[in-house]
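> coords below, sequence missing:
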């Protein structure tokens with residue numbers, strides 16, 4: 001899988017903001033500046049349903065982190081390959097309430113919260129979870145299980 005970031009944009013209920021963001025991302029794609037493709041996600045975070053996106057880690061750092069579209073986001077979900085094919089999920093907090101996004105964003109630091117292992121689940125399990133992500137392109141729901149809850 002590699003490294004990916006799931007994020008929402010600021011003011012995502014505003015049609016104009018969404019249009020500007022999608023146009024910005026489409027321009028990057030059209031100019032072949034992206035490592036991967038951005039995919040739409042729908043999810044729930046802190047009991048708030050929101051539109052979100054998944055991009056490669058490099059695309060997030062190079063094009064989104066300092067774009068002005070995520071300045072007010074509390075956090076993003078950082079996904080990294082782990083051992084034995086598992087994908088580890090870490091919340092990377094935006095320190096904008098104190099400073100801007102940390103310059104060391106590529107490194108996991110003290111402002112991070114390791115959550116556990118990302119797992120594909122059915123809709124019922126996802127809806128019963130505190131937080132979840134749905135990928136329409138894959139028709140798949142995902143939740144994070146704490147490592148001590150992980151089953152083989």
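All right, it came through fine. Since the structure is predicted, the reported quantities are computational estimates derived from the model, not experimental observations.
> which is the next helix or strand following the longest helix along the chain?
Ranked by number of residues, the top helix in the chain under DSSP state H is helix 15-30. Counting by DSSP states H and E, the next helix or strand C-terminal to helix 15-30 is strand 39-45.
> in its sheet, what does that next one sit against?
Sheet pairing for strand 39-45, assigned by DSSP bridges, gives strand 48-56 (antiparallel), strand 132-135 (antiparallel).
> mind putting those strands into CSV with distance to residue 9, mean pLDDT and mean neighbour count?
C-beta here means a position set from N, CA and C on the backbone, and glycine is covered the same way. Output for the strands paired with strand 39-45, formatted as CSV (distance: least, CB to CB, whole Å; pLDDT from 0 to 100; neighbours: other CB atoms under 10 Å):
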stretch, distance to residue 9, mean pLDDT, mean neighbour count
strand 48-56, 8, 95, 17
strand 132-135, 15, 97, 20
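> and of those strands, who's closest to residue 36?
Shortest distance between residue 36 and the strands paired with strand 39-45, using CB to CB, is found for strand 48-56: 4.1 Å.
> circling back: the longest helix of the chain to strand 48-56, inter-axis angle?
Interaxial angle of helix 15-30 relative to strand 48-56 (axes from the mean of the first three to the mean of the last three CA atoms, to 10 degrees): 10 degrees.
> report the mean per-residue pLDDT for helix 15-30.
Taken as a whole, helix 15-30 has a mean pLDDT of 97.
> which strands and helices sit next to that helix?
On a contact count with 3 or more CB pairs under 8 Å, 6 or more residues apart in numbering; DSSP states H and E, helix 15-30 meets no helix or strand.
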